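Trainee: Fold the following and give me the result.
(chains A, B, C and D)
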Amino acid sequence: MNDVILETRSLSKHFGGLKAVDNVDMIVRSGAIHGIIGPNGAGKTTFFNLLTGLIEVTSGTVLFGGNNITNIPPERVAEIGMSRTFQNIKLFRFMTVLDNVKVGFHTRTRTGLFAAVARSATFRADEDFVTERGLELLDLVGLRKQAYNQAANPSYGTQRRLEIARALATDPKVLLLDEPAAGMNPSEKSEVMELIRKISSLGRTIVVIEHDMKLIMNLCGVITVLNQGLKICEGTPAEIRNNPDVISAYLGHSRGA
Amino acid sequence: MDYYVQTLVDGIAQGSIYALMAIGFAMIMGILGLVTFTHGEVIMVGAFAGFYALTFLKTGIFIALVAGFAAAWILGLVIELICYRRWPKGPDETWLITTIGVSTVLKSGAQIVLGTEQQLVPDVYTGFWTFGGVRILHIQVFMLAVLFLLSAALWLFLKKTKTGLELKAVSMDKTAAALLGVDVRRILVVGNAIGCALCGVSGVLLGVYYNSVHAVMGGSAGLKSFASAVLGGLTSIPGAAIGGVLLGIFENVGVAIFSSGWRDVIAFLILIAVLLVRPSGLLGRKGAEKV
Amino acid sequence: MIAIFRTTQRHRGLSILACACLLLIVPFVIRGNDYLLRIAINILLYSVLATSLNIINGYSGQFNIGQAGFYCIGAYTAAILATRCGVGFWIALPVSGLIASASSVLLGIPTARLRGIFLAICTLGFSEIVRLTVLNWIEFTRGPMGIPGIPFPTVLGYEISTNFGFYFLILAIAAVALFVCFRVLNSRIGRAWIAIREDELAAKSMGIPTTRYKIYNLAFGTFWAGVAGCFYAYLSSYVSADSFTLDEGFAILCMVLVGGPGSLVGPIVGAFFLVVLPEMFRFLAEYRLVIFGLAILVTMHVRPQGIAGGGVFAALAPEAAGEGEKGAAS
Amino acid sequence: MKKTGFMLLAALALLASGAVAFAADTVRIGLSAPITGNYAEYGENFKYSVTMAAEKINAAGGLLGKKVEIVVMDSKGDPKEAALIAQKFVQDSSIAAEIGDFTSTACLAAAPIYERAKMVQLSPTASHPDFAKSGEYMFGIVGTQDAEGPFNVKYIAQEYMALKNVAVIYINNDWGHVTKDRFVKAAEKFNLKVTGEQPFMESEKDYAAILNKLRQANPDGLCVAAMYNEASLIARQIRKMGWNVKLLAPSSVFSAKLIELGGEAVEGIVTNTFFALEDKDPAVQGFIAEFEKVAGRKPNLHAACAYDSMMMLADAIKRANSADRTAIRNALAETKDFSGITGKLTFTKVGDIERKYKVMVVEKGQWVVKKDYTR
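Mentor: I've put the predicted structure just below:
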C-alpha cells in the first residue's frame, strides 16, 4: 500500500519575476492523507493548479503512478484519476445538487448524441448508473435530502461537501482538497474531518491544503510545508510541530498557527 | 506608385474617422466593460447635430463639432439611464438587447423626425495640396488633427484628473474600485457620455467628409467602429486609434489588390485573424481574453 | 401567469399533449386564411431558429450573435442543391443542417478559446463574411440576384404547395428539433454543456474536454439553423442575401433573450412575441419599429430574465432542474 | 407551452379581427413598400404618388362607381416581410390588385404568393429581368435593363458623349448587378471598351479607393450604376480627387435630389429618362405640382412610375369593368399605348414595358432633355 502514487520533481512556476512555486519535490504515498500547509501566498493553490494542469508548468515534472503527466490538460488529469475541489467554490450554480454530481461522472459514461436521442440501452445504463451512484455519493457527504435543490442555494459548508462529492464522482485515485474547511464553524469542521477520514478509508489517497492546524495535525500522516514557493520541510505532524523553520515561517507572517 | 500612395492617404483619412469612433467605442466597451450596439445611432445623431449647426445655424465647423459632441453626450446620458442603470453588472446579453432596442427606436425615430432623405452637408475646407500625383485634401489633414487633439485630450484626462484615474480604477475592477470609495455609477455615467460624445464628433466628421447625413447611416458606421476597436485592442485608447487607422488602410489597400466587393470580407477576416493570434487586440491589455 | 407556469411544470406530459392538440387544431381553424397560416409558419420557423441559438447561448454560455450566417448557409445549400443538383427536400434538409454544422466547426476550432464578447465579435464577423461571400461569389450563388425557382417539397409522394401543408411540415421539423434538443440536453452531453456555461474551469476539472464540447455544442446548435434555412428556402422558393443580414441575427438573438434563455420554452415564447408584435403594429406604419423597439425595452425592464425565463438569467429549463431523474415523459 | 398556446389564440383572434371583410363600396388596392428601414425614402415616394393618384381618380368619380382605397403595408424592404404582406393582401378578398414592392428581391420573394393567388403584382421599380418573367401576374413598368443598357452604350456613351472607353462602378445589389451586366454586354456588342468594373456595398460612403482603382486605366467616361443618393456622393468624390472623367448613369439617378446633393460635381452627368420635370404635358406638370405640395420635394423617377402604376391599374379596372383579380390581370396585360406621365406604355408579352428613352443632362444645375430616340 505504500507505493508512491503522486510525485513532483523540482516543480516550478514563475509568473514573471515571481516564483510562486519553486523547485518543489514532493512524494505522496498511496492511501495517505497528505497535508500541505503554509502561510498565505506560499503557493499552495498554485501548486494544486500545476498538479491538475490548470496552469502551465515552468519547469519540473509531475509523475502520477509513475507516468509523466506534466502539463497534460485538466480534463485528462481527471480521467487519469486525480480530482480536486476549489478554494473559492466553483459549483455549477444553476444546476441541481444531484446534477452537479452527475457531471462528475462524465469520464465514466459513454452516452453519445445518438444514444441520447434514441434513449438507447447505453443511455439508460449510463443514466441509471449515474443517478444511483450520484445519490450514493450524496449520501456519503450527507446531502441526499437536498439532491433536487439548486446548488446555488445551500450553505457554505454544504457547498464544500457537494464539491467533494462531485470530485469523488470522477472516481479519483487521488483527491485534492483545497481548504475544505475554510469558513466553517468548529462542528462543521469536525464533520468534514470525519468525511475525509471516511473517504480515505474507502481507499483513496487525499492531499489536503488547509489553514486549520488542528485539522491538519489530526488528519494527516505526512505534511509538506511551503513558504514563498519553496518547500521548507516535510514530515509527520510531530516533526513539523517542532521544526524551527516552520515556526519562523509562520511567525514571520501575520497569520498564526 | 502615386496610386498606392494616394490609396494610403485616403485610407488614413478614412481611418481617422474610424479611429475616433473606435476610441469612443473602446471607452464604453473596453474601459467601462459595457456592451453597446447603439453606437451607430449615436454617430448618426452626432452627425445630424453637426449638420443642423452647419446648415441652419450657419456656425463654423468648430461649433458644429461641439454641437455633435454635446448632442451625443446628452444621448449618452439617456442611453445609460435606459440600458445600463438597472443592470450595472450585466450580463452582457441584457445590455445587448437593451441597446439594440434603443438603437431600433433611435433609427426609426430619426426617420420620422429628421426625414428619410439623405441630406447635403456643405463643404468645409475645400482646398488641397498636391505632391506629384498625390492629392491631400485640407479636410483630411483637419480630421487627422481633430483625432490627435481629442486623443491627446482624452489621454490627459485619464492620466491627470481624478475622474480619469477613477475611470481607470473602474476599468480594472469595479468591485475593488467601489471598495476604495469610487462612485462607480457616476463613473459609468461619465465614461459612457464621453464615449458617446467622441462618437458624436466622429459623426460630424463623417457627415462633413462625405457631404451627407442620413437617418440610416449608423448601421455600417457602428460596425466599422466595432471592428476598429477590437482590432486595436478593446481596452486601449491608443490601440483603438491605431486600429481605426489600420482598418481604413486595410480597406483601401484591399480594394487596390482585390475586387472592391470583397473589401469588407477582408476587413472581417483580418479582424478574426487578429482575435485568434492576439485575442487582446494589437495593443490591448494582456489577459483581456479572460473577460 | 406564474401560476400557469407552475402548473405546466408539474403536469408536463399533460401540457405537452394540450399544446400538441392546440398546434394541430389551429391550422384547421385558420385554414382559409393564408395570412394567419403564414404567421403561424413564421412563428414555428423562428422557434426552430431561436431554439438553435438557445442551445448555444442559453446552454453552453457561448456568445453567438451571428446565427444568421448559419441560417444563410442552410438556405443557400438547399437552394443550390434543389435548383442545380435536383436533390429532393428530404436529402437537402439534413445536408443543409450538416453543412451549416460543418461551417460552424470550421469557425469553432480556432475560436473555441475566445470568450464572451470576443467570441461574439467573431461570430458577427463570420455572419457578415457569409453574407458578403454569397453576394460576391456570383458564379456559385448568383450573387445579389438571388436564387429563384426552388421547387415545392414532396412529402410521401404529396407535393406541399400550400401554407397549410408548409405549416405541418415546419410543425414536424420544430417538434423533431425540440424533441432531439430535449433529449440531448437531458443527457450526459447536455449536462456537460450546462457545466461549461456555469463554470468552464470546474467543468474541465471534472474531465470534460471543454473545447471539444463547445465545438460540439456549436455544431449541434447550428445544425438546426441550417435545417431552418433549408425550410425557409423551400417555403419562399426564392433566396437572396438580403434575408440574412446582421439584423436578422439580432432578431433571432432577441427572441432567445426576450423569451428567456436556458429554457426550452423561452425561445418559443420569444419567437411568438417577436413575430406577432410587428404584425400587430403594422397599422402604425412608420411608427411600427419605434413601438417595436420600445416593446423590447419594456420587456427587458419588466422581466430582464426573459418572459419565460426563471432564475437570475440562466435558470435551467424545468426539465433539467426539475424532478426528471428518470428522464420523465416526453 | 400552454401559455404560448393561449397567446397564440388571443393574438390570432386579434389579427383576424383586423382582417375581416370591408364594405364593398370601395375598390381596394394594396401597396407594399418600405415605409421604414434603409429604403424608407423610396417607399415614402411610393406612398405619396399612389395616394395622390387614387385621390385624383376618386375626384373624377372613382372606379366602377366606387371609391379607390389604398392599403399601405410596410415591408422594410425585407423579402420576408414582403412575402408576409403578399399573404395578407391575397387573403383579403376585398383587395383587387397590388402595387409594389420597391426592391426586386422583395418583389421576387412575394411573386410566388401573388401568382398562386392570381393577383396582380405591379412593381413601379423592379427592373430585374427575371421579375416580370416569373409569372403571368407579375408586371414591371420601369423597363428592364435589357433595353436600357444598349441605349446607354449606343446613344449616350458612343453617340452623345463620343466615349472610346468607359469604366463602371455599380451598387452591389441585384439591380446594380443587372445594370452593370447589361451595360457591359451592350458595350461588347457595340465595341465600347470597358476598362474596369467595380462594385460597392449599399451602405458604403467612401468610394475613394474604388475610384482610384478605376482611374488607373484612365477611361474617358465612368458609368455610375447607382441611385441618386450614392451617385451624387460618387460624383463629389470624383471631383475632389481631381479626376476629370465624364459621367453617365442609368435613369435611376434622375432626381432633383441628385443636383441638390451633388452640386457642381454632377454638372454634365448624362442619363436617360422617360420622365422629365420640364415636360410641357399638363398631366406631368399637374403631377409635379401636386407631388411637391404633398411631399415638399420634387418627384423623381420612382415617384412618377408609382403614379403611373396606379393610373394603369385604374385604366385596366375600367376596361375590365370589374374588380375581379383575373379580369384585372387580363385587362392590364392588354394595355396598349396608355399615356402616362412617363410616356406611352405598352406591356410586352412577359409583362415589361418597352421604354422610349431621351438623353438628359445636368446643365447649370438643371436637368435638360437633349434628344429623343425611338429605339
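Trainee: residues in contact with the residue of the stretch 201-330 of chain C found nearest chain A?
Mentor: In the stretch 201-330 of chain C, the residue that lies nearest chain A is residue C:207 (3.3 Å; Cβ to the nearest Cβ). C-beta coordinates here come from the backbone N, C-alpha and C atoms, glycine included. Going by Cβ atoms under 8 Å, 6 or more residues apart in numbering or on different chains, residue C:207 touches A:75, A:78-79, A:83, A:104, A:106-107, A:170.
Trainee: Let's verify it: helix, strand, or coil?
Mentor: Secondary structure state of residue C:207, per DSSP: H, G, I helix; E, B strand; the rest coil, is coil.
Trainee: Find the nearest non-adjacent residue to it, please.
Mentor: Counting by Cβ to Cβ, 6 or more residues apart in numbering or on different chains, residue C:207 lies nearest to residue A:78, which is 3.3 Å off, once chain neighbours are set aside.
Trainee: Just the pLDDT for that neighbour.
Mentor: For residue A:78, the pLDDT comes out at 88.
Trainee: Count the neighbours of residue 28 for me.
Mentor: No chain was given, so I picked chain A. 23 (other Cβ atoms under 10 Å in any protein chain shown).
Trainee: Correction: the question concerned chain D.
Mentor: Neighbour tally, residue D:28, other Cβ under 10 Å: 20.
Trainee: hmm, back to that, quickly note the distance from the residue of the stretch 201-330 of chain C closest to chain A to chain B.
Mentor: Separation of residue C:207 from chain B (Cβ to the nearest Cβ, to the nearest Å): 22 Å.
Trainee: picking up where we left off before, show me the contacts for the residue nearest to residue C:207.
Mentor: So residue A:78 contacts A:52, A:107, A:170, A:172, C:204-207 (Cβ under 8 Å, 6+ apart).
Trainee: ok, of the residues you listed, which one's closest to chain B?
Mentor: Nearest member of those to chain B, counting by Cβ to the nearest Cβ, is residue C:204, at 14.3 Å.
Trainee: Let me know the pLDDT of the residue nearest to that closest one when sequence neighbours are not counted.
Mentor: Nearest non-adjacent residue to residue C:204, counting by Cβ to Cβ, 6+ apart: residue A:74, 4.3 Å away. Predicted confidence (pLDDT) for residue A:74: 88.
Trainee: Residue B:291 too?
Mentor: Per-residue confidence (pLDDT) for residue B:291: 24.
Trainee: quick one: which of the contacts of residue C:207 is most hemmed in?
Mentor: residue A:104 (30 neighbours).
Trainee: I figured it was touching residue A:175, is that so?
Mentor: No - if you go by Cβ atoms under 8 Å, residue A:104 and residue A:175 don't touch, sitting 11.7 Å apart.
Trainee: Could you pull out the buried residues of stretch A:172-188?
Mentor: By 16 or more other Cβ atoms under 10 Å in any protein chain shown, the buried positions in stretch A:172-188 come out as A:172-182, A:184, A:188.
Trainee: Check stretch D:88-95 too.
Mentor: D:88-92, D:94-95.
Trainee: Surely residue D:167 is within a strand?
Mentor: Yes - counting by three-state DSSP, residue D:167 is found in a strand.
Trainee: if we can go back for a sec, save the buried residues of stretch D:88-95 as TSV, and put in pLDDT too.
Mentor: TSV is the format used below for the buried residues of stretch D:88-95 (pLDDT from 0 to 100):
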residue	pLDDT
D:88	86
D:89	88
D:90	86
D:91	84
D:92	83
D:94	85
D:95	86
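Trainee: quick one: which of those residues sit in helices?
Mentor: Of the buried residues of stretch D:88-95, the ones assigned to helices by DSSP state H are D:88-91.
Trainee: wait, what's in contact with residue 178?
Mentor: In the absence of a named chain, this looks at chain A. A:44-45, A:48, A:84-87, A:209.
Trainee: please go with chain C instead
Mentor: C:51, C:264.
Trainee: can you list the residues of the stretch 151-291 of chain B near chain A?
Mentor: For the stretch 151-291 of chain B, no residue is in contact with chain A (Cβ under 8 Å from any Cβ of the partner chain).
Trainee: Give me the pLDDT value at the residue in the stretch 101-250 of chain B that chain A sits nearest to.
Mentor: At 13.9 Å from chain A, residue B:175 is the closest residue in the stretch 101-250 of chain B, using Cβ to the nearest Cβ. Per-residue confidence at residue B:175 stands at 80 (pLDDT).
Trainee: For it, give me phi and psi.
Mentor: Dihedral pair for residue B:175: phi -60, psi -50, per degrees, to the nearest 10.
Trainee: How many residues are close by it?
Mentor: Neighbours of residue B:175 under the rule other Cβ under 10 Å: 10.
Trainee: For the residue sitting furthest away from the middle of chain C, which residues are in contact?
Mentor: Using Cα atoms, centre = their mean, the residue of chain C lying farthest from its centre is residue C:205. It sits 31.2 Å away. Neighbour list for residue C:205: A:52, A:54, A:74-75, A:77-78, A:83-84, A:86, A:90 [criterion: Cβ under 8 Å, 6+ apart].
Trainee: centroid residue for chain D?
Mentor: Centroid check for chain D by Cα atoms, centre = their mean gives residue D:125 as the closest residue, at 2.0 Å.
Trainee: That one: what secondary structure?
Mentor: Following three-state DSSP, we place residue D:125 in the coil state.
Trainee: Quick check: it touching residue D:142?
Mentor: Yes - between residue D:125 and residue D:142 there is a contact under Cβ under 8 Å: 5.2 Å.
Trainee: what do the two both touch?
Mentor: By Cβ under 8 Å, 6+ apart, the residues touching both residue D:125 and residue D:142 are residue D:305.
Trainee: Where do the strands of the stretch 151-300 of chain D begin and end?
Mentor: All strands of the stretch 151-300 of chain D, identified by DSSP state E, counting those that start in this stretch, fall at D:165-171, D:193-200, D:221-225, D:246-249, D:270-273.
Trainee: any chance of those in CSV, with distance to chain A, mean neighbour count and mean pLDDT too?
Mentor: Output for the strands of the stretch 151-300 of chain D, formatted as CSV (distance: least, Cβ to the nearest Cβ, whole Å; neighbours: other Cβ atoms under 10 Å in any protein chain shown; pLDDT from 0 to 100):
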stretch, distance to chain A, mean neighbour count, mean pLDDT
strand D:165-171, 45, 24, 90
strand D:193-200, 42, 20, 88
strand D:221-225, 50, 27, 89
strand D:246-249, 56, 24, 88
strand D:270-273, 59, 24, 84
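Trainee: Lovely, talk soon.
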